[in-house]
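1. Provide a 3D model corresponding to the input given below.
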Amino acid sequence: MKEQFYAYIQNLQDTITSTLEGIDGKARFQEDLWERKEGGGGRTRVIENGAVFEKGGVNISAVHGELPEVLRKQFGVAHGEFYACGLSLVIHPVNPMVPTVHANWRYFEMYNEAGEIVTQWFGGGQDLTPYYLFEEDAVHFHQVCKQACDPHHPDFYAQFKKQCDNYFWNAHRNEARGLGGLFFDYLKETPEFSMQDRFNFVTEVGNSFLNSYVPIVERRKELPYTAEQRTWQEVRRGRYVEFNLVHDRGTLFGLKTNGRIESILMSLPPKVQWQYNQHPEEDSQEAALLKVLATPKDWLSA
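-> Prediction:
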């Protein structure tokens with residue numbers, strides 16, 4: 001399974017980066033191959049200072065070795081040989097009318113002392129973080145997510161949408177990071193689903209990513225914006241940074257397993273502001289976004 005999934009994310013990385021380069025028209029992804037001394041490595045691709053994308057990364061990795069003690073305690077195991085591979089991406093556009101997007105699809109195995117697999121699972125999802133609210137964009141993104149889920153189980157979209165709303169919640173701010181999407185983790189083999197079924201589901205979600213995001217970028221990338229709107233974008237990016245450094249499991253896993261720091265922190269935007277006690281004007285577009293972020297919304301029945 002691990003060879004099958006790693007081949008998949010290699011191809012998906014190529015498809016996503018070539019598509020985004022075509023949209024940007026100016027910048028290209030820089031590729032960086034790296035190795036992890038404890039085992040494994042990855043292929044990092046980063047785009048910067050483009051016409052459409054200010055910064056973005058589309059990374060793949062496959063790492064293995066002994067789990068650090070802190071993670072052995074977390075997983076409740078005495079022996080911690082593991083393998084993990086996945087694709088992780090974050091795209092930060094120039095225009096504040098274009099949302100930031102994040103996605104991740106991953107596979108994990110853990111072994112006993114004989115080298116036999118004792119547990120394996122898939123995880124991942126995709127979520128949208130706008131700076132200005134366009135409801136048709138939110139509906140489109142969630143429709144694509146639901147279309148990817150429905151062939152695999154009629155409850156998947158509702159279940160994983162709720163998990164996304166719960167996960168991408170900045171508890172210290174009491175607000176959502178964005179408009180959600182899908183989040184799933186620990187998708188193991190069950191009587192109802194084989195690991196191949198899980199693979200088929202996760203790869204269909206991955207294949208849906210460009211359709212969920214590219215039409216939104218095309219609709220919004222040429223819209224005019226002011227310096228004040230750009231400032232708001234940078235303030236909201238600060239909340240994005242806070243989530244990634246305080247709450248995000250993937251970031252914490254990378255830091256605790258001696259991951260490559262440049263790849264782990266490529267998700268952070270290049271220009272961010274933290275303003276003291278900042279609040280938008282009442283009835284403004286900015287206030288309208290915050291109102292939505294205060295309570296997760298069912299976009300497909302709005």
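2. SS state for the residue nearest to Lys146 when sequence neighbours are not counted?
-> Leaving aside its chain neighbours, Lys146 sits nearest to Tyr157 (4.2 Å; criterion: C-beta to C-beta, 6 or more residues apart in numbering). Every residue, glycine included, has its C-beta placed from N, CA and C. Secondary structure, DSSP: H, G, I helix; E, B strand; the rest coil: Tyr157 is helix.
3. which parts of the protein are strands?
-> 30-35, 40-48, 53-66, 81-93, 100-111, 117-129, 169-170, 175-176, 180-187 (DSSP state E).
4. gap between Trp274 and Ala227?
-> 18 Å (C-beta to C-beta, to the nearest Å).
5. so which of these two has more stuff around it?
-> Between Trp274 and Ala227, counting by other C-beta atoms under 10 Å, Trp274 is the more crowded of the two (12 against 6).
6. thought that one was touching Val235?
-> Yes. Between Trp274 and Val235 a contact is recorded at 7.4 Å, counting by C-beta atoms under 8 Å.
7. low-confidence regions, the stretch 101-250 of the chain specifically.
-> Within the stretch 101-250 of the chain, no range satisfies pLDDT under 70.
8. and the helices in this protein?
-> 2-24, 69-75, 135-149, 156-167, 195-220, 227-246, 249-256, 261-264, 285-293 (DSSP state H).
9. right, and those helices - which one's nearest Gly56?
-> helix 2-24 (6.8 Å; C-beta to C-beta).
10. in that closest one, what's buried?
-> For helix 2-24, a neighbour-count test (16 or more other C-beta atoms under 10 Å) marks 2, 5-6, 8-9, 12-13, 16-17, 20-21, 23-24 as buried.
11. got the contact list for that helix?
-> Applying C-beta atoms under 8 Å, 6 or more residues apart in numbering, the external contacts of helix 2-24 come out as 27-29, 43, 45, 47, 50-53, 56, 58-60, 62, 83, 85-87, 89, 91, 105, 107, 109, 122, 199, 202-203, 206-207, 209-210, 214, 217-218, 221.
12. got a list of what Asp127 touches?
-> 101-103, 164, 168, 177-183.
13. list the beta-bridge partners for it.
-> For Asp127, the beta-bridge partners are His102, Gly181 (DSSP bridges).
14. look up how far Val90 lies from it.
-> 10 Å.
15. returning to what we had before: what residues are up against the residue nearest to Lys146?
-> 145-146, 149-150, 182.
16. neighbour-wise, which of these leads?
-> That'd be Cys145 among the contacts of Tyr157, by other C-beta under 10 Å, with 28 neighbours.
17. isn't it up against Ser208?
-> Yes. Between Cys145 and Ser208 a contact is recorded at 7.1 Å, counting by C-beta under 8 Å.
18. ramachandran angles for the nearest residue to Ala287 once chain neighbours are set aside?
-> Leaving aside its chain neighbours, Ala287 sits nearest to Pro280 (4.6 Å; criterion: C-beta to C-beta, 6+ apart). Backbone geometry at Pro280, expressed as degrees, to the nearest 10, gives phi -70, psi 160.
19. how many residues are close by Pro280?
-> Pro280 has 14 nearby residues by other C-beta under 10 Å.
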